[in-house]
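Enquirer: Give me coordinates for this.
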Amino acid sequence: MACDTLDFVLETQFYEHRLPGLGAVVEVGDQRWELALGVSDLSTGEPFRIGDHYRIGCVTKSFTATAVLRQIDRGRLGFDDTLESFVPGIPNGERITIEQLLNMSSGVANFVGLPDWLPTRDELSFDTADADWPQERKVDLMRSGPATFAPGAKADYCDSNYILLGLVLEQVTGERAADVLNGDVVAALPGLTATEFPSAAALPDPRPTIYTRLPDGRTLRELGDMNPNVLWTTGGMISTVDDLLIWVRELAEGTLLSPESQRARLTPIHLDRRRAFHRYGLGVQRLGALLGHNSVMPGSSCAVYRYPAEDASIAVVTNMSANVDAISMEIALELMRTLYPRFVDG
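Expert: Purely as a prediction, here's the structure:
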């Protein structure tokens, strides 16, 4: 690997994005490059650590999708089963299929961005009791809002799909969604020792302090902990970089799924309003020849991708978020373009 060039690219991205901390790992075959820059905590100056625990946000979708696909493999659920029998009252619910929820083509209204799903208080904190974050509040918004498009007409990235899939999982299994993700997915893959749908808001140690950039573009504000039920099966899980690298290999190889479900998982469709090479499978992003997922969370961003043809994987983590910018995804793409300039043609 061109380690000096990767160092230069990551350092450039670190300063251009004005991040408190940034870390990346690239594995190609048995070679490994890694670099951590900046600080884990601005007040103490403690160096940024790649091995810390992080909230992986939307990467959770790949775990939720895998749990659903394992139920399909067992014959307890079907791709063509419709939403209405599991979560009644959603517009077009009698036509929306499980597959359309998985690949973002359902047209369900997105609860994210609507103020009514947040608890009412003078200063919102995400570290509050479970009672403040009922999934039913989100579902009520989906029921009341009109569908954004007809099922199957197109695909648009929407967190509502994966809240609904969590509710489907609970009905099919009779278990809490968190227990299904932990017991039937995480525990089934050797090596995932630091990955879980947590029961507490605080990240385990070691962990970074997380920040968000305020609208003035300069000031960083420290953020607190987050109840995992805030984003639940669309974004509630935690992990480490090394675990994510194990996980993205599973996404590419499908060791937990039947060959049929794995083929379906990796069959992508284009996402509306995204770049031409940005497509989506079943809980898996496809960026040209790369597959994996990224996340933007309050106070952090992460991304993990694999390039199967080159036996290459990459993971990027930061301890800052800036609005909806997918910082880690963009940095991962820059690093992969450095190694494989033509990967977007895959």
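Enquirer: helix/strand/coil for S313?
Expert: Secondary structure assignment for S313 (DSSP: H, G, I helix; E, B strand; the rest coil): strand.
Enquirer: Quick check: beta-bridge partners of it?
Expert: With DSSP bridges as the criterion, S313 is bridged to E27, R306.
Enquirer: So it sits against R306, correct?
Expert: Yes - under the criterion of Cβ atoms under 8 Å, S313 makes contact with R306 at 4.6 Å. From N, CA and C alone the C-beta is placed, and that goes for glycine too.
Enquirer: overlap in contacts of the two?
Expert: Overlap between the contact sets of S313 and R306, as judged by Cβ atoms under 8 Å, 6 or more residues apart in numbering, is given by 248-249.
Enquirer: so where does the residue lying closest to G183 once chain neighbours are set aside fall, helix or strand?
Expert: Of all residues not flanking G183 in the chain, E175 sits nearest, at 7.8 Å (Cβ to Cβ, 6 or more residues apart in numbering). In the assignment (DSSP states H and E), E175 maps to no helix and no strand.
Enquirer: Counting neighbours, what do you get for E175?
Expert: By the criterion of other Cβ atoms under 10 Å, E175 has 13 neighbours.
Enquirer: residue contacts, M237?
Expert: Residues counted as contacts of M237 (Cβ under 8 Å, 6+ apart) are 55-56, 59-60, 63, 181, 195-198, 228.
Enquirer: nearest to C302, of those residues?
Expert: Comparing the contacts of M237 against C302 with Cβ to Cβ places I56 closest, at 5.6 Å.
Enquirer: Quick check: that closest one touching V241?
Expert: No - using Cβ under 8 Å, I56 is not in contact with V241, being 10.1 Å away.
Enquirer: Which of these two has more residues huddled nearby?
Expert: Of the pair I56 and V241, I56 is the one with more neighbours under other Cβ under 10 Å, namely 29 against 23.
Enquirer: quick one: contacts for the more buried one?
Expert: Counting by Cβ under 8 Å, 6+ apart, I56 touches 237-239, 244, 295, 302.
Enquirer: now the host helix or strand of Y211, how far from the centre of its chain.
Expert: For Y211, the host element (DSSP H and E) is strand 210-213. Offset of strand 210-213 from its chain centre (Cα atoms, centre = their mean, to the nearest Å): 18 Å.
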